[in-house]
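A.B. asks: structure for the following, please:
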Amino acid sequence: MIKLFRKKQYDLIDKKNTGKYFKYAFGEIVLDFVGILIALSINNWNTNRRNIQLKKVILNDLKKS
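C.D. replies: Numbers count the residues shown, from 1 in each chain. Reported below is the predicted structural model:
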């Protein structure tokens with residue numbers, strides 16, 4: 001898959017088609033940005049889930065004692 005994208009990139013550079021190359025590069029940057037945002041949101045969701053579980057454990061311990 002990576003070889004396919006790399007080949008596409010080299011083809012655009014070799015043909016001196018800079019407009020299409022910049023569109024391709026911009027698309028790659030946007031995809032990377034979206035991927036990072038998704039990873040951050042998953043990380044935040046996981047952290048919130050852990051905090052809620054910890055709160056439940058602490059409240060149960062307080063109830064028991």
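
A.B. asks: buried residues, the lowest-mean-pLDDT helix or strand in the chain. List them.
C.D. replies: Least confident helix or strand, the chain: helix 2-14 with a mean of 74, by mean pLDDT, DSSP states H and E. Of the residues in helix 2-14, L12 count as buried by neighbour count, 16 or more other Cβ atoms under 10 Å. C-beta here means a position set from N, CA and C on the backbone, and glycine is covered the same way.

A.B. asks: run the angle between the very next helix or strand once past it and helix 2-14 for me.
C.D. replies: Where DSSP states H and E defines the elements, the next helix or strand beyond helix 2-14 is helix 18-64. On the basis of axes from the mean of the first three to the mean of the last three Cα atoms, to 10 degrees, helix 18-64 is oriented at 140 degrees to helix 2-14.

A.B. asks: centre of the chain to helix 18-64, how far?
C.D. replies: Centre-to-centre, helix 18-64 and its host chain are 8 Å apart (Cα atoms, centre = their mean, to the nearest Å).
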